[in-house]
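# Compute the structure for the input listed below.
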Amino acid sequence: MCRKLLAILLLTGALPTQAAIVSAVGKIQEIIAYDSFGGGDVLIKFPTQVSNCLAGVYIPPKSEGGEERILSIALSAYMAGKDVRFQIYETAVWPGAANYCKLKTIELK
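Model (predicted):
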């Protein structure tokens with residue numbers, strides 16, 4: 001029975017591959033968008049207070065969907081000076097530099 005359940009979970013992708021952790025609440029300091037030379041990534045400088053991601057987070061282009069919505073909220077928060085909080089994949093470090101981790105969600109406070 002357990003083997004069947006595990007096989008179903010593996011085949012359907014129901015097992016989590018990465019756990020996201022929550023950052024501190026604060027203001028976005030800077031947003032940097034790269035062209036194709038930089039892989040098309042967007043960096044958000046933010047004091048996350050997460051050990052692997054101290055400089056901030058990154059949004060890869062078209063990786064899992066929702067990137068446009070996340071960037072829209074980030075830009076709105078930055079321009080309005082509003083606080084945000086992120087959920088971050090701390091093991092998915094940006095290949096361009098250390099201390100930036102992949103962004104999962106953004107919450108406007």
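# Does anything pack onto the helix or strand encompassing I44? Which helices or strands?
Using DSSP states H and E, I44 falls within strand 42-45. Packing contacts for strand 42-45, counted by 3 or more C-beta pairs under 8 Å, 6 or more residues apart in numbering; DSSP states H and E, involve strand 30-33, strand 56-59, helix 67-80. Every C-beta, even on glycine, is put in place using the N, C-alpha and C of the backbone.
# quick one: the nearest residue to G81 once chain neighbours are set aside and Y100, what's the gap?
Leaving out its chain neighbours, the residue that sits closest to G81 by C-beta to C-beta, 6 or more residues apart in numbering is K27, at 6.3 Å. Distance of K27 to Y100, given as C-beta to C-beta, to the nearest Å: 17 Å.
# So these two - more neighbours on which side?
When K27 and Y100 are compared on other C-beta atoms under 10 Å, the one with more neighbours turns out to be Y100, at 25 against 14.
# Distance of the more buried one relative to V50?
Applying C-beta to C-beta, the value for Y100 to V50 is 11 Å.
# Now mean pLDDT too, for the helices and strands packed on strand 42-45, in a markdown table please.
Formatted as a markdown table, the helices and strands packed on strand 42-45 follow (pLDDT from 0 to 100):
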| stretch | mean pLDDT |
| --- | --- |
| strand 30-33 | 95 |
| strand 56-59 | 94 |
| helix 67-80 | 94 |
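# and these as a markdown table, adding distance to A92 and mean neighbour count?
Putting these into a markdown table (distance: least, C-beta to C-beta, whole Å; neighbours: other C-beta atoms under 10 Å) gives the following:
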| stretch | distance to A92 | mean neighbour count |
| --- | --- | --- |
| strand 30-33 | 18 | 13 |
| strand 56-59 | 9 | 25 |
| helix 67-80 | 14 | 15 |
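# per-residue pLDDT, F46?
Reported pLDDT at F46 in the predicted model: 95.
# Just want the angle from the longest strand seen in the chain to helix 67-80.
Under DSSP state E, the strand in the chain containing the largest number of residues is strand 83-93. Strand 83-93 and helix 67-80 are oriented at 130 degrees to each other (axes from the mean of the first three to the mean of the last three C-alpha atoms, to 10 degrees).
# quick one: buried residues of strand 83-93?
84-86, 88-90, 92-93 (16 or more other C-beta atoms under 10 Å).
# Having no further points to raise, I will conclude here.
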